[in-house]
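S.K.: Pasted the sequence and its predicted model underneath.
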Amino acid sequence: MLGLAVVVSVVGLTRAAPTPARRRLLLGFGLLLGSALGGEVVQGLLVTEGLVGWPFVVTHHLEELGETLGAIALLAGAVRMLDVVREPAGVRVRLRTAAALPSSVRVGRQTDDQLPGVAAT
């Protein structure tokens, strides 16, 4: 059940992302999951065959490298979804989306949207 919730969240995030961010997110998810699952399968086969020396170590390091590159691509996708604007009152960070947000999501000026002691612009 938790896995389904994660998949639904990932699909929703990816669909709402602008194209440059979407590409990086898809690359990140693919690298992360592909490296994790593929690396574990190959390592399992190596252990079954008794090859726990350098082939296992190289496979382990390649798996970790793929996972790390996937995480970096995910972070790059997340950064591409942000607009950072410097204003006289400070810095404003906004989420950039490709699709219009549903009416159930409220985005805009709310009382908790302002810094204490800073007038609204």
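M.R.: Right, received. Where do you want to start?
S.K.: now the strands: where do they sit in this protein?
M.R.: Applying DSSP state E to the chain gives strands spanning 82-87, 90-95.
S.K.: dump the residue contacts of the closest residue to Phe56 other than its chain neighbours.
M.R.: Using CB to CB, 6 or more residues apart in numbering and skipping the chain neighbours, the partner closest in space to Phe56 is Leu46 (4.9 Å). The C-beta positions use only the backbone N, C-alpha and C, and glycine is treated the same way. Counting by CB atoms under 8 Å, 6 or more residues apart in numbering, Leu46 makes contact with 52, 55-56, 59.
S.K.: Any quick ChimeraX command for the buried ones out of those residues?
M.R.: Buried residues among the contacts of Leu46 (16 or more other CB atoms under 10 Å), as a ChimeraX selection:
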select :56,59
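S.K.: what does the model give the residue nearest to Phe56 for pLDDT?
M.R.: The model reports Leu46 with a pLDDT of 92.
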